[in-house]
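In: Return atomic coordinates for the entry below.
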Amino acid sequence: MSDLRDSVDITTESIIQSRLVMAPQDVNPSYDTDAQVPFSSTKTDQSDSLSPKGQDLEAPFANHAVPTSEEDHGRVATAEEVRDLVHVVDKIPTRVWIACIAGVLERFAWYGVTAPLQNYLQNEPGGAVPGMLGLRQAAASNIVNALIIGSYITPVPAAVIADSWLGRYKMMIYSAIAEAIGATILFTTSLQAVANETATLAGVIAACVLLAIGSGAFKTTVVPFIADQYDETEYRIKITKDGGRVITSRELTITYIYNFFYWCVNIVGFLADCTPLLELYVGFWLAYLIPCCVMVVSLAPIVLCRGIFVRATPNSNVLPQAYTALKFAVINGFKMDASRPETQLRRYGRQVPWEESLLFPIHWLCYNQTFNNLISQAGQMVTYGIPNDMMKIAGAISGIFVAPLIQKGLYPYLSKRGRSFGPIARMTVGFVVLTLSMAYTTVVQKLIYQTGPCYHTPLECAGSEDHTVPNQISVFL
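Out: You can find the predicted model right below:
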């Protein structure tokens, strides 16, 4: 299903949930917060588990007198109130939404640029499937994969630089400029006046380098930057219209912000995936001009509103901890178990500041097929006038409609019946669905090879009438 943060941790989470709205699991295993976090006002009963990790809430409020209701609004809640009162989403500052706008516009530019890229590289001009360079599927897929991999690798050094030295705000500015320049170069290569194969390929490679650096650095900073803009860290009393008392919760507020942000990303992903229509009926120049302009526009809210943003002071990053953990593993015979916090505490009596987490390279290997090989597969089928590189729009549509159904339907249903559907269960279901989808894709490719006119060489035989007649099998399969 197609494209919710300490920067590297946030980057990983953001990538894992790319273009899919999934709220984090409540730390209370007996109650699923996700079931109560829609895109409107959010309420849920909470327990002691919502207290900050490792923090004793009793101490600060041991001698705190309970004020009258007139004095209650906005004050810090006591431990008992945190435990007993309903938790709700807080009022969200305008600067949060401004930061979200910048992030959403950047995602539009990224998806708009990458949507036509496989055709642009793979196919020759004048065929049934639009193209420019005619590099064939393998070379085109390698370039697209390099771009995607670069955008996944860049967040690692970018996060270190942003968290330890430059700061997230400046990193966003510099990365947005790099991405805008890359989009501009790619647009320039699509103009017929400069359509020289050697120059165009060199321009595309330069554009891909800048896009990978810019996109990777931007997405690793914009998500935590959004969270920085909501700077309330305390549980506070809020008086409702009927005079009741509730607790404003940072956890629920951040969850709400990210849910809404990624839902908007799904919408702009859907719109950006329509650029292949421009590619087919107008030309690549317009398909690349629009994302280029949007990327430039995304700089506006960042620059013009710089005075109202909260800018976290650069301090440290998780990567030095990762290096130390790897060093412990090497010293103990290349065994990662030796780096586990409990092992370090048991054997050496030392506390380590890291936790265990997982990365999912196989997941992303499958997901990235939507940027290259699945586009090529659709180009071998009858598309009924729909651009083959527009087929991945189904992922964005799924994110727009399915995710709210999960949030407001499945999670409340399971919660009312006391059934847990935690992160591991969700990931397991997701991996099963992904496995089935790749198996289905394999079956479709087999059917393509069993259908004429070109069978195992789609668009390459004489029956394709100069690369214009695909194998006669419907793309809607």
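In: Check which residues of stretch 183-200 are buried.
Out: By 16 or more other C-beta atoms under 10 Å, the buried positions in stretch 183-200 come out as A183, T184, I185, L186, F187, T188, T189, S190, T200. In this view, the C-beta of every residue, glycine as well, is placed from N, C-alpha and C.
In: Output those residues in a markdown table, with secondary structure, pLDDT and distance to S175 appended to each entry.
Out: Putting the buried residues of stretch 183-200 into a markdown table (DSSP: H, G, I helix; E, B strand; the rest coil; pLDDT from 0 to 100; distance: C-beta to C-beta, whole Å) gives the following:
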| residue | secondary structure | pLDDT | distance to S175 |
| --- | --- | --- | --- |
| A183 | helix | 96 | 13 |
| T184 | helix | 96 | 15 |
| I185 | helix | 95 | 16 |
| L186 | helix | 94 | 17 |
| F187 | helix | 94 | 19 |
| T188 | helix | 93 | 20 |
| T189 | helix | 91 | 22 |
| S190 | coil | 89 | 23 |
| T200 | helix | 84 | 25 |
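In: Please convert these to a markdown table, extending it with distance to M391.
Out: Output for these, formatted as a markdown table (distance: C-beta to C-beta, whole Å):
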| residue | distance to M391 |
| --- | --- |
| A183 | 23 |
| T184 | 27 |
| I185 | 27 |
| L186 | 21 |
| F187 | 24 |
| T188 | 27 |
| T189 | 24 |
| S190 | 21 |
| T200 | 25 |
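In: Below-threshold pLDDT in the stretch 201-350 of the chain: ranges please.
Out: Applying pLDDT under 70 to the stretch 201-350 of the chain flags the ranges 316-319, 350.
In: hey, where'd the strands end up in it?
Out: Remark: strands assigned in the stretch 201-350 of the chain by DSSP state E, counting those that start in this stretch are 236-239, 245-248.
In: how about these in a markdown table, adding distance to G216?
Out: Conversion of these to a markdown table gives the following (distance: least, C-beta to C-beta, whole Å):
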| stretch | distance to G216 |
| --- | --- |
| strand 236-239 | 37 |
| strand 245-248 | 34 |
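In: between those strands, which one is nearest to S151?
Out: S151 lies closest, by C-beta to C-beta, to one member of the strands of the stretch 201-350 of the chain: strand 245-248, at 36.0 Å.
In: Output the contacting helices and strands for that closest one.
Out: helix 79-84, strand 87-88, strand 236-239 (3 or more C-beta pairs under 8 Å, 6 or more residues apart in numbering; DSSP states H and E).
In: What residues sit buried inside the longest one?
Out: It refers to helix 79-84. A79, E81, V82, R83.
In: How far off centre is it?
Out: 35 Å (C-alpha atoms, centre = their mean, to the nearest Å).
In: I'd like to know which elements it is packed against.
Out: Using 3+ C-beta pairs under 8 Å, 6+ apart, helix 79-84 sits against strand 245-248.
In: In the sheet, which strands lie alongside the strand it packs on, parallel or antiparallel?
Out: Its sheet considered, strand 245-248 pairs with strand 87-88 (parallel), strand 236-239 (antiparallel) by DSSP bridges.
In: So which residues make contact with it?
Out: 43, 46, 69, 72, 77, 81-82, 85-91, 232, 235-240 (C-beta atoms under 8 Å, 6 or more residues apart in numbering).
In: Ok, stretch 386-397 next?
Out: Defining contact as C-beta under 8 Å, 6+ apart, one finds that stretch 386-397 is touched by 1-3, 19, 115-116, 118-119, 129-130, 266-267, 269-270, 273-274, 276-277, 279-280, 370-371, 374-376, 378-379, 381, 383, 475.
In: With stretch 135-150 instead?
Out: With C-beta under 8 Å, 6+ apart as the criterion, stretch 135-150 contacts 114, 117-118, 121-122, 133, 201, 204-205, 208-209, 211-213, 216, 368, 371-373, 376.
In: Where does the closest residue to N373 other than its chain neighbours fall, secondary structure wise?
Out: Once flanking residues are discounted, N373 sits nearest to S141: 6.1 Å by C-beta to C-beta, 6 or more residues apart in numbering. Element membership of S141, judged by DSSP states H and E, is helix 136-153.
In: Report the buried residues of that helix.
Out: Under 16+ other C-beta under 10 Å, the buried positions of helix 136-153 are Q137, A140, S141, I143, V144, N145, L147, I148, G150, S151, Y152.
In: need the residues you listed in JSON lines with pLDDT and distance to F108, can you?
Out: Formatted as JSON lines, the buried residues of helix 136-153 follow (pLDDT from 0 to 100; distance: C-beta to C-beta, whole Å):
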{"residue": "Q137", "pLDDT": "88", "distance to F108": "27"}
{"residue": "A140", "pLDDT": "92", "distance to F108": "23"}
{"residue": "S141", "pLDDT": "90", "distance to F108": "24"}
{"residue": "I143", "pLDDT": "94", "distance to F108": "22"}
{"residue": "V144", "pLDDT": "92", "distance to F108": "19"}
{"residue": "N145", "pLDDT": "91", "distance to F108": "22"}
{"residue": "L147", "pLDDT": "94", "distance to F108": "17"}
{"residue": "I148", "pLDDT": "91", "distance to F108": "17"}
{"residue": "G150", "pLDDT": "93", "distance to F108": "20"}
{"residue": "S151", "pLDDT": "92", "distance to F108": "15"}
{"residue": "Y152", "pLDDT": "88", "distance to F108": "19"}
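In: Dump stretch 469-477 to CSV, keeping only the CA atoms.
Out: This file holds the C-alpha atoms of stretch 469-477, laid out as CSV (Å, rounded to 0.1, in the frame of the first residue of the first chain):
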residue,chain,number,x,y,z
VAL,A,469,0.8,-2.6,-29.7
PRO,A,470,1.3,-4.2,-26.3
ASN,A,471,0.3,-7.8,-25.3
GLN,A,472,-3.4,-8.0,-25.3
ILE,A,473,-4.1,-8.3,-21.6
SER,A,474,-6.0,-5.7,-19.6
VAL,A,475,-4.0,-3.6,-17.2
PHE,A,476,-7.0,-3.7,-14.8
LEU,A,477,-5.9,-7.2,-13.8
